[in-house]
Each structure stands twice: as C-alpha cells, then as structure tokens.
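Visitor: Requesting a structural model of the entry that follows:
(chains A and B)
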Amino acid sequence: MATHEIFMPALSSTMTEGKIVEWLKKPGDKVERGESVLVVESDKADMDVESFNEGFLAAVLMPAGGTAPVGETIGLIVETEAEIAEAAAKTPAAPAAAATPAAVAAAAPPVSAPPTPAPVAVPAPVAVAAPAPVASGRVVASPRAKKLASQHGVALDSLRGSGPHGRIQAEDVERALGLTVAVPRVAEGSGAAVVVAAGANGAAAAPAPAGEAFGRPGESVAFNTLQGAVNRNMVASLAVPCFRVGYTITTTKLDALYKQVKPKGVTMTALLAKAVGVALARHPQVNAATSADGSAMSFPAAVNVAVAVAMEDGGLITPVLANADKTDIYSMARTWADLVARARSKQLQPEEYSTGTFTLSNLGMFGVDRFDAILPPGTGAILAVAASRPTVVAGKDGSMRVANQMQVNLTCDHRTIYGAHAAAFLKDLAQLIETNPESLAL
Amino acid sequence: MGPKLDAILFEAAQPVPFERAWAAQRSLQQRLLAHPEGPEAVLLLEHEPCYTLGRGASEAFLRFDPRRPPLPLHRIDRGGEVTHHAPGQLVLYPVLNLQRHGADLHHYLRELEQVVIDLLAGLDLQGERIAGLTGVWLEGRKVAAIGVGARRWISQHGLALNVDGDLAGFAAVVPCGLSDRPVGRLVDWRPELTSQGLRQPLLGAFARRFGLDLRPPNPQEGLQGW
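Guide: Residues are numbered from 1 along each chain as shown, chains lettered A, B, ... in the order given. Alright, predicted model coming up:
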C-alpha cells in the first residue's frame, strides 16, 4: 500500500504559507494523474495543485479556507479504493477552518505526521514541483539533513524540501526513511510549543505526555545555548525594580476587524503589535529604558515591538517588528510570517531579534486568562496578553451585556516608567482597541 | 538579456464579453499545457461592462444581490476579490509559461505591476506599489488591478488598467475588498490619454519587461471565435 502526501506548494520564494481556496475533489473521489485536486492562493495569485499519482483522495488534512505553511502535508492520496478508509481512519480529524479561538492568533494548526509508513526513498512529489532551486539545480539542505542523509544513504536530490525556499530539513529525510517524525512548531507566545509526534506505526509509539518536556524521567538535561541565553536574561531581570499594572480591554470591535482582515493574511499578532506600536508612539516614556550603566533614561529613535516566540527545542526568541507604529498591518503580517518561518529554521539575524524597544507576550491562544511576564533586559516594559473571552459586563446604569474581553498586564522598570505612565499608556491602548480599531488598518 | 521569447498577440478592437476572453485564455492555456515549449501568448482587449470575483472572493464586497447583479457577474479562477471591467479599461491577459520567467507567482505579480509602473513613467506619472495591496496606485488611487491564476505554471488572467472609462460601475462593489481605497483612471491626470492610444505603449512595456517578441498569430494559431 502506498500513500502519497499532497504538500502545500511553494508558489514563490517569498511565500511562507498558503491559503486553500478550494478542494476540487472530495475524500473518496477518484483522482487521475495530472488532475487538479485543489486550489491554493497566495497574494492575488491562484495555483491549481495537481496530483502526480493516480488514485483516490483519502483525506483532506486542511479544509478550504485554512492556511498551511509551505511544505506541510495537506492531503493524502492512496492507490486503491480499499485503502481510503484505512488511511482516513489513521488521520486525525481535519481542524475546522474557523476553529481559531477568538481574538488570538492561533499557532499553525496541528500538523499530522504521515499516518502510514511513508514510502521509503521518495515521498510523492507535489504536483507543482516549484521549490527545486530553479537556476542552478543545487540542492539546499540543512546541516542536520545532510548528516542524516549520509548516515542513511538517502539521495538528497530525491527529496522535496519543506523548509524556506525549498530547503531540505532533517524531518524531510526522516520522512523519506519512514522514521518517527517530530514536526517542529513554533507557537506565537512564550508558552511551550506543541510537538506533534507520531510513531512510524501508531501502535508502537509510547503514550506521549500531554505537556512538553525536554527530558525523560530520571534524566538531567543540560540547557541548550538558547535556553542558557534566556536564563541569563531572566536572572538579570532580578536586578531591575519591576512592578506590574493590569487592565481589562473589550475586544469586540477588534475581533470584528480581525475577521475582516484575516482573509488578507493579517494575524492577531500583527494587529496587537500595531495597536501597541501606535500607543507607544504616544507614550514615549513607556518605550524608553534605563541605560546599561543605570545612569540615564534612553529614548529609542523608533518603536520596535518584539514578540516572544517559543522554540520547539527549548528557549524562546523575540523577533522584532520594527517601526510598528508606522508600518501598515499588511506589511507587518507578512514580515511577521517571514520572521517566524526563519526563527523556526534558526536563520534570524541578530538585529531581527535584539532590537526590540518593547515586548509583547501573547498566551491567548492557549486560553490563558491572566499572566505576567519577566522584563527583558535593555527594555522598559513588556505586555502580557491573555485570551479574549465572552464576558458578562455590567454597565454603570446596572445594565448587563456580553462582550469579548481580554486581560493585559504590563511589567515595567520603575526607574524609567512610573505607575501613572503605565496607567496612561494602558488606558490609551484600551481606548484605541475598544473604540477605534479600524484606524489600525489604515 | 537573452534572446527574446516568441509570443503571439491577440488583440480585440471592440469590447469583448467576459466569457469570450476567458474561453480564449483557457484554450491558450490548454495549448501551452499540452506543449509547454510552445509560444506564449497575450490578449489585449477591453471588456463589455461586467464584474468578476476571484475564486476565494467574498460576496460581502458586493453592494448588490449576487442573484440579481446589475451587470454580468462571473466567479473566475484567479486570486483576489471583486473587480469591475468596462470599456476604457485596458485589459492584458498574458498566457505565459512562468517556468521561463522565474517560476515564482509573487515575482510575477510584481513584474505585472512593474509593467504599469514603466508605462506610467513614460507618461511622467509615478505609479506606486503599496505593500500588501497588489496593484498599481497613483496618489493613493488604484489605477491598475491585478489578479492571476495558474496551472502547472501556465498563467491566465492578468492586469486591468483604468484609462478613460466611466468608473461609476465600481461604486456597486468594494473593489478588491478595500473599502477605504478609491479607484482612479489615468485620464484624470493626463486628459489627452485614450485607451486606444495607450494600447501600443502598454504592449511595449509588457514585451520589454518579459523579454517577449510579440507577433500576430499564424493562420493555424487562430482562436475559434476570436
């Protein structure tokens, strides 16, 4: 039995994710070789994705309307009708396109590992075999992928890379070998990213713990470089006199705006970063920081909003949305997608994660209702953003209504930012989000 | 720059109903799918008034009942939201094998924008891109809309440039789904322009940008009903 995966194709070297506009086939439908199976959209371009194999569409792993990173498996094709039920049964239910929790930018939807042993040697190529480097025919692969490939005698040029620009990643080699695939994922938030692991044969896999752990019971595991760097920063924050101020913000209008701009690829992260950027431009004191020697207040030339992103193998990184007050949300969303994709493949340049003047940490996608954050060194404040949820709100006149509300919590360095500064900033941010979020889209 | 690529130009002097131009593109696309090494093609025309929706377009951007449209309404196989076509708007539909042009759909969209920007530069107008909003803009007004579709890297659909047509039809929709961005036409900057007069300059800018040698079809390359 052979199962062929359909991947999200790279329609462009600058494409990090694509939207599925339409499945032209339903699960169970016969698919001819070369027949269009689905339509993918990126920017204002559509591409029909064709099947390279004759068979049956066994499963749709990402429904129409959903967005998937380039290289992700989005559907399965099997060779015979008899295999459909088997392949479908091993496939987790497709996530509903609309199931993103309100008001938060959900991390990429769960990635499913191939439900059947991938055919050894060559995984089914995508119909649109774009990512092969066009000009030179040179194979681009990560160092780990090269090492794995040479250890197992896999020809790299027979593989399709799922990384940026079609780069071959270690997991592409593992997939080709039919090995256990742990798909690395980055969550937008400082919470632990989820790792979806699957045994090569479902039954053989040990029951996975629900939470992520970097080691097994009884082990002691050294911090990796990134974790070590985060540790130093966190310990350094103990020398900073911090205080925290909370605020509840009604997001009903922001949620409505998000619905409107989401089809254009704008994420909640981009919207929040933009709102925070605009508010910071009006409150330069909250964008300021105590100088390294503690003798002065430094006022940065720009408003650069860093957003905390957890790394799958431990540690976190804070890619920076530069000039967040002045950049439009569409550019910002694209920049963010690019930063996250490159953070995932560890290709960020230092200035792309170390030049933040203010940090945003969002755990909303996990349903967290409140938390506080530790101040990164060199900055004056960090905002912790929790989930937005429908809440019964009492009016001053005794009336009651239901509105979406989220709690935010600002951690500040009291040497530079005082309670009144923090309060004024939060009040202004709340007002922007509650009454005039449309201005963010201008 | 390498040798120029052979490309067939199909030009229509009179406004064309949308279906006819779409059928022509599909048949040219089929030819290239069957013979990927064959000549590329481009259609230059103006449309009879109509609206078109991209495959994933939202009907929320229509200011009329889609079951009773004021003009013919077509849902077509391109990306993007709703747009409006009418005489006075030059429409360019390249049917290219994009494998010869970089195999990169975003790059292709940027090149189509550049064709219009090059053309406008020749008129001493500064066309602009707005990041995230595909199309060409003049002083905040959108003068060229762009939307493409492809199959096995063979393109169809393309760009529509408002020259001297009536823009009233745009009022019944939210063009490209952007409520706060007005549509413009070149004649409001350069009153002497006509869509007729701009045809050759547009073809010239297009042929230069994509390295094409445009020629009329041979007898055996004719399109049925064209």
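Visitor: count of residues packed around residue 8?
Guide: No chain specified, so I'll use chain A. 28 (other C-beta atoms under 10 Å in any protein chain shown). Every residue, glycine included, has its C-beta placed from N, CA and C.
Visitor: Oops, wrong one, chain B.
Guide: 22.
Visitor: Which residue, other than its chain neighbours, is closest to it?
Guide: residue B:41 (4.4 Å; C-beta to C-beta, 6 or more residues apart in numbering or on different chains).
Visitor: Do you know the pLDDT at the one you found?
Guide: pLDDT recorded at residue B:41 is 97.
Visitor: sec struct for it, please.
Guide: strand (DSSP: H, G, I helix; E, B strand; the rest coil).
Visitor: Now residue A:84: which helix or strand?
Guide: helix A:82-89 (DSSP states H and E).
Visitor: Please name every helix or strand in contact with that helix.
Guide: strand A:55-60, strand A:73-78 (3 or more C-beta pairs under 8 Å, 6 or more residues apart in numbering or on different chains; DSSP states H and E).
Visitor: For whichever residue of chain A sits closest to chain B, grab the count of nearby residues.
Guide: Of all residues in chain A, residue A:330 sits closest to chain B, at 2.5 Å by C-beta to the nearest C-beta. By the criterion of other C-beta under 10 Å, residue A:330 has 18 neighbours.
Visitor: returning to what we had before: shouldn't the residue nearest to residue B:8 be in contact with residue B:95?
Guide: Yes: contact criterion C-beta atoms under 8 Å: residue B:41 and residue B:95 qualify, at 4.6 Å.
Visitor: joint contacts of the two?
Guide: B:28, B:32 (C-beta atoms under 8 Å, 6 or more residues apart in numbering or on different chains).
Visitor: Across the sheet, point out what pairs with the spatially most central residue of chain B.
Guide: Most central in chain B under C-alpha atoms, centre = their mean is residue B:159, positioned 2.1 Å from the mean C-alpha point. Per DSSP bridges, the residues bridged to residue B:159 are residue B:92, residue B:146.
Visitor: For it, give me its contacts.
Guide: B:91, B:92, B:112, B:115, B:116, B:144, B:145, B:146.
Visitor: now swap in residue B:59 and tell me
Guide: B:53, B:66.
Visitor: Contact distance from chain B - what residues of chain A qualify?
Guide: Counting by C-beta under 8 Å from any C-beta of the partner chain, the positions of chain A adjacent to chain B are A:11-15, A:19, A:21-22, A:36, A:39, A:41-48, A:50, A:127-128, A:130, A:134, A:263-265, A:328-331, A:333-334, A:441-442.
Visitor: in the helix holding residue A:84, what's buried?
Guide: A:83, A:84, A:86, A:87, A:88 (16 or more other C-beta atoms under 10 Å in any protein chain shown).
Visitor: Looking at pLDDT only, which of those residues scores worst?
Guide: residue A:88 (72).
Visitor: Leaving out the residues flanking it, which one is nearest to the residue in chain B that chain A sits nearest to?
Guide: Residue nearest to chain A within chain B (C-beta to the nearest C-beta): residue B:132, separated by 2.5 Å. Nearest residue to residue B:132, sequence neighbours excluded (C-beta to C-beta, 6+ apart): residue A:330, at 2.5 Å.
Visitor: Assign the one you found to helix, strand or coil.
Guide: Assignment for residue A:330 (three-state DSSP): helix.
Visitor: residues in contact with it?
Guide: A:261, A:264, A:265, A:266, B:131, B:132, B:133.
Visitor: which of these sit farthest apart?
Guide: Pairwise distances across the contacts of residue A:330 (C-beta to C-beta) peak at 14.2 Å, for the pair A:261 and B:131.
Visitor: what's near enough to touch residue A:413?
Guide: A:240, A:241, A:242, A:289, A:290, A:375, A:379, A:380, A:381.
Visitor: can you list contacts of the host helix or strand of residue A:427?
Guide: In the assignment (DSSP H and E), residue A:427 maps to helix A:419-435. Residues outside helix A:419-435 that contact it (C-beta under 8 Å, 6+ apart): A:243, A:245, A:247-251, A:253-254, A:275-276, A:278-280, A:282-283, A:285-286, A:381, A:408, A:410, A:412, A:439-440.
Visitor: Which of residue A:261 and residue B:131 has more residues huddled nearby?
Guide: Neighbour tally, residue A:261 and residue B:131, criterion other C-beta under 10 Å: the higher count belongs to residue A:261, 19 against 12.
Visitor: Near chain A, which residues of chain B? Just list them.
Guide: Checking chain B against chain A by C-beta under 8 Å from any C-beta, the hits are B:54-56, B:58, B:77-80, B:102-109, B:130-134, B:146-153, B:177, B:180.
Visitor: Return a ChimeraX selection command for the buried portion of those residues.
Guide: Command for ChimeraX, covering only those of the residues of chain B next to chain A found buried under the criterion 16+ other C-beta under 10 Å:
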select /B:54,55,56,77,78,79,80,102,103,104,105,106,107,108,109,130,132,133,134,146,147,148,149,150,151,152,153,177
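Visitor: that older thread, the residue nearest to the centre of chain B and residue A:45, how far apart?
Guide: 12 Å (C-beta to C-beta, to the nearest Å).
Visitor: Over to residue B:202?
Guide: Distance from residue B:202 to residue A:45, by C-beta to C-beta: 21 Å.
Visitor: Between these two, which is the more surrounded one?
Guide: residue A:45 (30 against 21).
Visitor: can you pull up the bridge partners for the more buried one?
Guide: residue A:42, residue B:148.
Visitor: Isn't it up against residue B:150?
Guide: Yes: with contacts counted by C-beta under 8 Å, residue A:45 reaches residue B:150, the gap being 6.8 Å.
Visitor: Fine by me, we can end here.
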